[in-house]
Each structure stands twice: as C-alpha cells, then as structure tokens.
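1. return a 3D structure for these sequence lines:
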Amino acid sequence: MIKNKKCFDTEYSTQWRDEVDYLKSVGIRYTFVKRNADGISIYKYKKSSELFRQLAIFYDQNIE
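-> Just a heads-up that it's a prediction; the model follows:
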C-alpha cells in the first residue's frame, strides 16, 4: 500500500480561448480537449518550460 501518494494534474489546462489562440500562434498545440458538465471546453497542454515562458509573455501583455 502506498502512503501519502500525492495526486496532481500532469497537464496544464485552460478554458480561456484568448490563451489557447495565443499558444497556437507561437506553435504550442494542446494535447487534448475535454468538455466539463456545463459544456465548457477545457484545453490540456503538456507542461514544459517553453509553455510557461510563453504564458509569462501572454500574461505580461494581457493582464493589467
């Protein structure tokens, strides 16, 4: 039996279409899309340093 097993999401996820479009424009594609119970699309990405670099740029430009 495994004690203290920590569960975490191995993918980065977003519902914000502007973020999805930006990531696509810089060559980062989602790995899959799922819909939640309310029918909202959730885009999942493989976590990588490049993904987080691009997200930092996106948020620097889009969040006041």
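2. ramachandran coordinates for Lys46?
-> Phi and psi for Lys46, reported as degrees, to the nearest 10, are phi -70, psi 130.
3. can you give me the strands in the chain?
-> Using DSSP state E, the strands found in the chain span residues 11-14, 32-35, 41-46.
4. what helices or strands is the second one leaning on?
-> Right, the one you point to is strand 32-35. strand 41-46 (3 or more CB pairs under 8 Å, 6 or more residues apart in numbering; DSSP states H and E). Any C-beta I mention is one placed from the backbone N, CA and C, and that applies to glycine too.
5. relative to strand 41-46, how tilted is the lengthiest helix in the chain?
-> Longest helix in the chain by number of residues (criterion: DSSP state H): helix 49-62. In terms of direction (axes from the mean of the first three to the mean of the last three CA atoms, to 10 degrees), helix 49-62 departs from strand 41-46 by 130 degrees.
6. quick one: the residue nearest to Lys46 when sequence neighbours are not counted from Ala37, how far?
-> Distances taken as CB to CB, 6 or more residues apart in numbering place Thr31 nearest to Lys46, at 5.4 Å, with adjacent residues excluded. To Ala37, Thr31 is 21 Å away according to CB to CB, to the nearest Å.
7. same question, Gln61
-> 32 Å.
8. counting neighbours, what do you get for Leu23?
-> 20 (other CB atoms under 10 Å).
9. the closest residue to it other than its chain neighbours: neighbour count?
-> Once flanking residues are discounted, Leu23 sits nearest to Gln54: 6.2 Å by CB to CB, 6+ apart. For Gln54, the neighbour count with other CB under 10 Å is 18.
10. OK, contacts around Gln54?
-> Listed by CB atoms under 8 Å, 6 or more residues apart in numbering, the contact set of Gln54 reads 22-23, 26, 28.
11. so the closest residue to Lys47 other than its chain neighbours bridges to which residues?
-> Leaving out its chain neighbours, the residue that sits closest to Lys47 by CB to CB, 6+ apart is Tyr12, at 5.2 Å. Judged by DSSP bridges, the bridge partners of Tyr12 are Tyr45.
12. before we move on, back to that, and the longest helix of the chain, which residues are buried?
-> For helix 49-62, burial by neighbour count (16 or more other CB atoms under 10 Å) applies to 51, 54-55, 58.
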